[in-house]
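>>> Structure of the sequence below:
(one chain, ligands or ions: 1)
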Amino acid sequence: MLALVSAMAEELASVIDSLSEVTVHEFGRRQFHSGRFHGVEVVAVFSRYGKVAAAATVTQLLASFPVDRLIFGGVAGGVQPGLAIGDIVVATDLIQHDMDASPLFPRYEVPLLGKARFATDPTLRAGLVAAAKMFAEHDLATQVAHAERAFFKMTVPRVVEGMVASGDKFFASSAGVRDLRERLPGVCCVEMEGAAVAQVCDEYGVPFAVVRTISDSADENSVHDFPRFAREIARHYSRGVLLRYLNLGSLPP
Ligand code: ADE
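Predicted coordinates:
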């Protein structure tokens, strides 16, 4: 069964609204909704915020449901120059930017796993890239109000593949972004859960992919941009990309 995990309650609600044959299972203050999303058997859950919460959610998910692939979504702060609010990042791999067990292990490496970067599944990723492009080109303008798109100066969003960095920190300063870019030059965007989800999926051998919409630029404006984007826009992306993904599911990537 396909697991749909979101770091945003608003996003997940729009997916749950579209489920049929729903059963709600509750573990550890988390509600897991199993059912059918346009005919596909899914289980949907809100990760909660931060690495520990997300890891606990996904561990429970994989222990309780027969999940054979997992898609994780949410919003992120853009770090790569040129990324605009509304652009979509599909992760090639994920890193925990706050992992540092040096000098025992190289900085960023997850102890016992011998690696710092967790690669997403290439097939799931290719499907999400195609779906995100279809959504950006064909659906976005009809689903998000013109006034909201104008507020964020959004045109047709770009779909970018790259590295996502996660950690227990909300980035809200240009200096913080500069520091991260110097430490990890390849990073596209920052959020607070993806690399934890990636680590759990890696350890349990479950293929996964991550798609994040840029809600802010991780700078001084992020404290205003992030909540407004999350409230007004993000849910249209997740539901729209998912619908496109499922329609494309049988086509070769
Ligand atoms: N998720 C969305 N925007 C973010 C930011 N600026 N920092 C961390 N996580 C985020």
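>>> just checking, residue 42 touches residue 6?
No. Using C-beta atoms under 8 Å, residue 42 makes no contact with residue 6, being 12.0 Å away. Placement of C-beta: from N, CA and C, glycine included.
>>> Now for the closest residue to residue 198 other than its chain neighbours, how many residues are close by?
Nearest in space to residue 198, with sequence neighbours left out and distances taken as C-beta to C-beta, 6 or more residues apart in numbering, is residue 118 at 3.7 Å. Using other C-beta atoms under 10 Å, residue 118 has 26 neighbouring residues.
>>> Show me the beta-bridge partners of residue 118.
residue 94 (DSSP bridges).
>>> Was I right to think it contacts residue 197?
No. The pair residue 118 / residue 197 is not scored as a contact, 9.0 Å apart, by C-beta under 8 Å.
>>> does residue 171 sit in a helix, a strand or a coil?
Taking DSSP: H, G, I helix; E, B strand; the rest coil as the rule, one finds residue 171 in the coil state.
>>> distance of it from residue 209?
23 Å (C-beta to C-beta, to the nearest Å).
>>> With residue 74 instead?
Distance, residue 74 to residue 209, by C-beta to C-beta: 13 Å.
>>> Run a quick neighbour tally on the residue of the chain found nearest the ligand.
Residue of the chain nearest the ligand, by C-beta to the nearest ligand atom: residue 77 (2.8 Å). The number of residues packed near residue 77 is 27, by other C-beta under 10 Å.
>>> so what pLDDT did the residue lying closest to it once chain neighbours are set aside get?
Closest residue to residue 77 apart from its sequence neighbours, by C-beta to C-beta, 6+ apart: residue 218 at 3.1 Å. Residue 218 is assigned a predicted lDDT (pLDDT) of 97.
>>> what's the answer for residue 18, then?
As predicted, residue 18 sits at a pLDDT of 86.
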